[in-house]
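# this is the structure alone, sequence omitted:
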RNA sequence: GGAGACGUAGCGAAGUGGUCAUAACGCGCCGCACUCGAAAUGCGGUUGUCCGCAAGGGCACGUGGGUUCGAAUCCCACCGUCUCCGCCA
């Protein structure tokens, strides 16, 4: 969430920045009103508490001196009741303020171009050249089914639409991709591997910004008030919630493989075939906790770390910067990495790398001490997919397919496939 | 799931209704003194947050309620940890 002091001191600036996202009102006026109300009541009740405290301490003294305290106690009883009423008001106002604040999105970074939606996104660079096929290329779901390594029909029997069963070399390919990505991040890029819970509580979901606004996108376990994680970002970022790190601890780089669960409410009819949009998919995620002044440099290296995977897999991609209107709720700036998908005839998102600045850190209360004895400050958090595994497998199946229906295994993955060079029917 | 114990500063731990919570005591850490230097010793310092221009004040003893003039202390609920039993991979 945003700093209430910043909203207090630069209301118009914040309002203008938030409105770059379009999509109407974010309740900033309400935030301002609640903030004022809260401070008014607070000043009053704190003064009363001070009196209550001082007077209460007199009671044992007076009693010892043999004086009658009945009258004083009656007076303080009245004061105590009044304080309770005001305290309740403070609590309610504070809760309302926090709720309102949680619904205000992050302000876009200065480099983010103003825009309405994804049509205003800016392409920054391309890598590789899309392959020219000398045969009619197939979509990955056909490649997979023809090779008997993907089974969407049987997945539908046991679960429903938007699920996949991987089989044989397909299952192994998925696992190979996961291991390849994790090894690259941990052995060459300096990340520490985390294997977190796949379910989290409400507080964690609020810390990274999925709640309260996007509850309908999540799978929920009412029995325990748990949510299935929509991304490893949630458990891994919240790992450090309510902690104060020392300056030497930073930067912290974590990477984690997890399945991800998304209800995909509101995307009925979109990407209904294949691996692109599933209720459950695998992803390797990178998460960074860094000092504020370094966070935009860290975003560049984070994105480069994701790109390196596609370079090593030798699959063409491009990098775009999201416009203010396409930016995620908690993000200040986001680069998407998009992989070339022959069946789509275009680039498809495979990674999203974002700098959240202090927005998540403030929600999750993740701080560090810039100087030994100094005041704690909020860290900056970043994360990026490195990469979406199902989409990577889809891209491999499409980009590496052969005229005879087989699929050549990218060289870097062969050690993870027991030396297998090609998947054949 | 059943029974019990516990949750106070970085750690250990005291406090069981009042004028003890920047919280006894111990350890750790930082500074100073002593020393050529170190150890030992001595002295001092070691939470965060909110309101306020400031002076100053409020809050926090796992979390949330309740009782009371006053709660770390009494009561209720929840969360977590540990032990035993049951079940289970």
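Arrived safely, thanks for sending. The model shown is predicted, which means the values in this text are computed figures rather than measured ones.
# next, the spatially closest residue to residue A:341 that is not a sequence neighbour: secondary structure please.
Counting by C-beta to C-beta, 6 or more residues apart in numbering, residue A:348 is the residue found nearest to residue A:341 once chain neighbours are left out, at 4.4 Å. Every C-beta, even on glycine, is put in place using the N, C-alpha and C of the backbone. Three-state secondary structure (criterion: DSSP: H, G, I helix; E, B strand; the rest coil) places residue A:348 in strand.
# interface residues of chain A facing RNA strand B?
Applying C-beta under 7 Å from any atom of the strand, we find that chain A lies next to RNA strand B at A:4-5, A:39, A:42-43, A:45-47, A:49-50, A:52-53, A:55-57, A:59-61, A:63-64, A:73, A:76-77, A:79-80, A:84, A:91, A:244, A:367, A:369, A:375-376.
# and with 6 Å instead?
Within chain A, the positions lying close to RNA strand B (C-beta under 6 Å from any atom of the strand) are A:39, A:42-43, A:46, A:49-50, A:52-53, A:56-57, A:59-61, A:73, A:76-77, A:80, A:91, A:375-376.
# may I see the buried residues of the helix or strand of chain A with the lowest mean pLDDT?
Using mean pLDDT, DSSP states H and E, strand A:243-246 stands out as the lowest-scoring helix or strand of chain A, at a mean of 87. Judged by neighbour count using 16 or more other C-beta atoms under 10 Å, the buried positions of strand A:243-246 are residue A:245.
# go on, stretch A:89-100?
Taking 16+ other C-beta under 10 Å as the neighbour-count basis, stretch A:89-100 is seen to contain the buried residues A:89-90, A:93-94, A:96-98, A:100.
# just to revisit the earlier point, got the contact list for the residue nearest to residue A:341?
By C-beta atoms under 8 Å, 6 or more residues apart in numbering, the residues touching residue A:348 are A:276, A:338-339, A:341, A:391, A:395.
# what are the boundaries of the helices in the stretch 151-300 of chain A?
When assigned using DSSP state H, counting those that start in this stretch, the helices of the stretch 151-300 of chain A occupy the ranges A:152-158, A:169-183, A:202-207, A:233-238, A:295-313.
# so which of the ones you listed is nearest residue A:418?
With respect to residue A:418, and counting by C-beta to C-beta, the nearest of these is helix A:169-183 at 7.9 Å.
# if we can go back for a sec, who does the residue nearest to residue A:341 bridge with?
Beta-bridge partners recorded for residue A:348 (DSSP bridges): residue A:339.
# and it, how far from residue A:277?
In this view, residue A:348 and residue A:277 are 10 Å apart by C-beta to C-beta, to the nearest Å.
# and what of residue A:291?
Counting by C-beta to C-beta - residue A:291 and residue A:277 are separated by 37 Å.
# so which elements touch the helix or strand hosting residue A:72?
If you go by DSSP states H and E, residue A:72 is part of helix A:70-102. Applying 3 or more C-beta pairs under 8 Å, 6 or more residues apart in numbering; DSSP states H and E, one finds that helix A:70-102 makes contact with helix A:28-64.
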